[in-house]
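In: Quick one, structure for this:
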Amino acid sequence: MKVYISDGNPHCIKVLAALELTGVKCDTEVVSHEERVVPHFTHPVLPVLLLPDGQHLFSPNSICQYLFDISSQNPTDATNQWLEWEATNLQPAVLQSLHMVALQGKHVEAAAVMKEPLNWLEQSLSRKNTPFLTTEAVSVADIVLWAALYPLLSDSGFDAGELRSVRGWFERVGGLKACQTAAHRVLQGKGVEALKTFLQKLPATQTQRRDSPTNANEAGDGEHVMTEEEIEEAAQVWSEGLKASPAVTERKHPILPQEGKRNVLLTSALPYVNNVPHLGNIIGCVLSADVFARYGRLRGWNLLYVCGTDEYGTATENKAREEGLTPQEICDKYHAVHAEIYQWFQIDFDFFGRTTTERQTEIAQDIFWRLHERGFLLEDTVEQLRCESCQRFLADRFVEGECPHCRYPEARGDQCDKCGRLINAVELRNPQCKVCKETPVIRSSKHLFLNLPKLEDELEQWLDKSTGSGDWTANARHIARSWLRDGLKPRCITRDLVWGTPVPRQEYKEKVFYVWFDAPIGYLSITANYTDQWEKWWKNPQQVELYNFMAKDNVPFHSVVFPCSLLGAQDNYTLVNHLVATEYLNYEDTKFSKSRGVGVFGDMAKDTGIPSDVWRFYLLYLRPEGQDSAFSWSDMALKNNSELLNNLGNFINRAGMFVSKFFDGRVPEMLLNEDDKRLIAQVRWELKQYIQLLDKVRIRDALKCILNISRHGNQYIQVNEPWKKIKGGDGDRQRAGTVTGVSVNVACLLSVVLEPYMPSVSQTIRQQLQAPPTCVSTMLQNTGTFICSLRAGHCIGTVSPLFQKLENEQIEVLRKRFGGQQAEESVKVKTPSSSSAAVETKPRSGAAQDTDPERVKQLTALVAEQGNKVRVLKAQKAEKSVIEKEVVTLLDLKKQLSLAEGKNPEPAAQKGKKK
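Out: All right, here's what the predicted structure looks like:
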């Protein structure tokens, strides 16, 4: 193993301290801040741990956790909660404060930013009777939190206040030689001065609080501080409760624009029919669009969401030849595959169509004739690449070679994925047919071109207006502007193919429309197949707002080529108002590859046994908005176990269980004090941020607001301890009732804001709480209204856990299965079903030598299910005897699993741990 660090990078302190403390043997290499250690990442990330199997860990906390794990110091729920709090609450505040101290000299302002997290840490430590965060010994949580705070708390100019408990704990951890060595190695005795270079190179967004979204919206430094007026107003609104408000109405088709309503037309990029979409494809268009569509409907917008499969082109012809089918049969087959995948991911289209329809031909040919009649088409003879071996002209995506601009060796015949420049296939160096790998030859052919230079002025005027008034992502603006800056050139709109929309001119009867002229017209034809009144959406720019969702490689065609086609047609077409583009999602530290078996594709996700809502959550949590991101199995498990299980699920389950256990299933009376009102104000503020962010299509940031709400709720419960107060006198019992009532109302709000992200979980929460239907529309009205929707006396339903833990064993099986290391028919891990108890529980003789993959799969699922059962019982503070009985069952299952895997079921001797 090797760890890469850089001098003056505060994140490296925790990693070096963990490395020294655990005694793990690992090489260390110091590199510059700009060094790109992780392949395929577009930005430098440090520290990085290179694992023996060639994979990389690039989250400092994950690295520390891994080092402790392999030294037999296994994580607990408590350490996981601390690590998540450090990453989501403490670390953003620390980075902002370090930026203020080191670069601006603002010590007082930095102390104000740190006040809330330090006070919370002080309260938590003051209630403990152990010298460290979780036990009598130092844990990974102590190292991570200490290292995060060290640059600030060791700075003489930083006044954090008295904080006796924090100071005592900080000095105990800091007294360890491992911590002292790590701090000196990174800071070299210079204190915060050593961090200047690192902080200056950080993007501005990384020095702002992630849990204070308005900071990124130029609201100034520091986090939001509640005024007394805000607190009283929030409490007053909350106490008024539900009023006569209509519930969200059922959709009635066809959905058409309505006078006086906000009419939103929403599209996601049409996926190629012959490709099974991978996770990056799903988050890049259909899932992101689905979240926004669900949100818009909850807000009461009149919204239509259409998508479909893009079915014409050479790729389809080739796939048909491979499978011995006709192109239409291939389209029929894979259209059904796509539809099934999106249904499993709960993508709620209003209509999911396809481009191989009569309406596609009619509308595409009509736009063509209008362009022709208005003089926006050119004829020219062009040189094309023809493969003599395959006996055909090669479509752009079926030729590959070296980019003439940046020398990237795998540039396609239409565009280079590395530099983003458009190219003609004949410009490629060392071209190669992707089908047979032979070198193609150049041949001439007559084609039609869209005269983009003639439309350039009109396009630029429209683009100025659209980007000025609409919500275009930064990458979409940049790509569109770069095309205009370089000057537009005529763009070929025909191809020498068979499978496509025919060109309606006699001399071109052997040709079809090029996919990038034809495919975007699919949005129109799909809508036309949904309703004959499609023009009310697509020829109505005065009443309709159009949102396009896609990955960044589709931006040029949606921001330049397709708008020019519609502008040139001069038929009052609706043009895009908001273009929302993501960067790329990679898989671990490489790229998705169906042929190599690398990565999770849409048809495989459901076979993992992980619910679709969890997939949705994790993909949206790491949605590549400002830069590329990477799917990681370890990180998915961490986010599931910490954010979903320990944060969100823990809070909602505890709130409901308190009502059931302490108050016979009825919401108790609530008499608010200042602490309650402050929580209500905090939650209301997060709700307003959620709405502001989603209105601007900042999907990932809005998700963090949801997690902040449940985090506030957990802290509120922990501080007030209703499970203890319920055993006290009348005053304490009343207090327990108020805390329980407020908490279960926060849980109700969470069910509302979760609906766009995790629709099944959202529905389950509302069913468990028996929440009134009107709470959804009421709380998302205007700028956000947090109200008491579950009044005293309201009867809730049966409460049960929402999430299951992802076990390390399960994750490792999945990592290997999708890492290209096993055949396609690899072991499948499924979530235990109600019939799981029927699995044979008696160990077979010779199990250690004769492993059974199916049995391993079933037992892994049973261990996960039983482990979650034990955790839930502990969280509910069940009787000790009940918990012990279930623990015995869990240990027995683990023993059987070890036998089934061919391992020694006896526990290994405990290694000595460093003190």
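In: I'd like to know the beta-bridge partner residues of the closest residue to residue 508 other than its chain neighbours.
Out: Once flanking residues are discounted, residue 508 sits nearest to residue 494: 6.3 Å by C-beta to C-beta, 6 or more residues apart in numbering. Where you see a C-beta, it was placed from the backbone N, CA and C, and this is true even at glycine. For residue 494, the beta-bridge partners under DSSP bridges are residue 513.
In: Now residue 696: closest residue in space that isn't a chain neighbour?
Out: residue 471 is the one closest to residue 696 (C-beta to C-beta, 6+ apart), at 5.5 Å.
In: Okay, the residue nearest to residue 559 when sequence neighbours are not counted and residue 461: tell me how far apart.
Out: Of all residues beyond its chain neighbours, the one nearest residue 559 is residue 480 (3.8 Å), with distances taken as C-beta to C-beta, 6+ apart. Distance of residue 480 to residue 461, given as C-beta to C-beta, to the nearest Å: 13 Å.
In: More neighbours: which of the two?
Out: Relative neighbour count places residue 480 above the other of residue 480 and residue 461, with 24 against 11, counting by other C-beta atoms under 10 Å.
In: Now do the contacts for residue 422.
Out: By C-beta atoms under 8 Å, 6 or more residues apart in numbering, the contact list for residue 422 reads 414, 415, 556.
In: ok, what's across the strand from it?
Out: Beta-bridge pairing for residue 422 (DSSP bridges): residue 415.
In: that older thread, check the burial of the residue nearest to residue 696 by counting its neighbours.
Out: 16.
In: got the contact list for the residue nearest to residue 559?
Out: By C-beta under 8 Å, 6+ apart, the contact set of residue 480 is 463, 467, 472, 555, 556, 559, 560, 579.
In: Widest-spaced pair of those?
Out: Between any two of these, the greatest separation by C-beta to C-beta is 14.5 Å, found for 467 and 556.
In: Counting neighbours, go ahead and name the busier of those two.
Out: The residue with more neighbours, out of residue 467 and residue 556, is residue 556; 21 against 18, by other C-beta under 10 Å.
In: Please tell me how far the more buried one sits from residue 421.
Out: 10 Å.
In: if I look at the two, which residues touch both of them?
Out: In terms of C-beta under 8 Å, 6+ apart, residue 556 and residue 421 are both contacted by the residues residue 415.
In: returning to what we had before: isn't the residue nearest to residue 508 up against residue 507?
Out: No - judged on C-beta atoms under 8 Å, residue 494 makes no contact with residue 507 at a distance of 11.0 Å.
In: mind checking the end-to-end distance for stretch 598-609?
Out: End-to-end distance of stretch 598-609 (C-alpha to C-alpha, to the nearest Å): 18 Å.
In: quick one on the thing from earlier: got a ChimeraX select line for the buried ones in the contacts of residue 480?
Out: With 16 or more other C-beta atoms under 10 Å as the criterion, this ChimeraX line picks the buried residues out of the contacts of residue 480:
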select :463,467,472,555,556,559,560,579
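In: So which of the contacts of residue 480 sit within strands?
Out: Judged by DSSP state E, strands contain the following of the contacts of residue 480: residue 579.
In: a markdown table for the contacts of residue 480, including distance to residue 659?
Out: Output for the contacts of residue 480, formatted as a markdown table (distance: C-beta to C-beta, whole Å):
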| residue | distance to residue 659 |
| --- | --- |
| 463 | 55 |
| 467 | 50 |
| 472 | 46 |
| 555 | 49 |
| 556 | 55 |
| 559 | 52 |
| 560 | 56 |
| 579 | 46 |
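In: just checking, what packs against the host helix or strand of residue 739?
Out: Remark: residue 739 resides in helix 730-753, with elements defined by DSSP states H and E. Identification of packing neighbours for helix 730-753 by 3 or more C-beta pairs under 8 Å, 6 or more residues apart in numbering; DSSP states H and E yields helix 650-662, helix 674-695, helix 699-720, helix 722-725, helix 759-769, helix 774-779.
In: so who does the residue nearest to residue 696 touch?
Out: Applying C-beta under 8 Å, 6+ apart to residue 471 gives the contacts 578, 580, 696, 697.
In: contact partners of the host helix or strand of residue 172?
Out: Per DSSP H and E: residue 172 is located in helix 164-174. The contact list for helix 164-174, computed with C-beta under 8 Å, 6+ apart, reads 118, 121-122, 125-126, 131-133, 138, 142-143, 146, 149-150, 153-154, 160, 179-180, 183.
In: Show me what counts as buried in the helix or strand that comes right after that helix.
Out: Next helix or strand after helix 164-174 toward the C-terminus (DSSP H and E): helix 177-187. Of all the residues in helix 177-187, those buried under the rule 16+ other C-beta under 10 Å are 178, 179, 182, 183, 185, 186, 187.
In: so what are the domain limits for the chain?
Out: What the TED database lists as the domains of the chain is 2-201, 263-379+452-582, 654-795, 862-901.
In: So which of those domains is nearest residue 234?
Out: Closest approach to residue 234 among these (C-beta to C-beta): domain 654-795, 3.9 Å.
In: For that closest one, give the mean pLDDT please.
Out: When pLDDT is averaged over domain 654-795, the result is 95.
In: how deep is residue 137 tucked in, by neighbour count?
Out: 13.
In: just residue 782 next, same as before
Out: Counted with other C-beta under 10 Å, the neighbours of residue 782 add up to 8.
In: same deal with residue 240?
Out: Count around residue 240 with other C-beta under 10 Å applied: 10.
In: my guess is it contacts residue 789, does it?
Out: No - using C-beta under 8 Å, residue 240 makes no contact with residue 789, being 10.9 Å away.
In: Please render the contacts of residue 422 as a markdown table that adds pLDDT and distance to residue 13 to the earlier fields.
Out: Formatted as a markdown table, the contacts of residue 422 follow (pLDDT from 0 to 100; distance: C-beta to C-beta, whole Å):
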| residue | pLDDT | distance to residue 13 |
| --- | --- | --- |
| 414 | 80 | 47 |
| 415 | 82 | 43 |
| 556 | 94 | 44 |
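In: Of the residues you listed, which is the nearest to residue 251?
Out: Closest to residue 251, out of all of the contacts of residue 422 and judged by C-beta to C-beta, is residue 556, at 33.7 Å.
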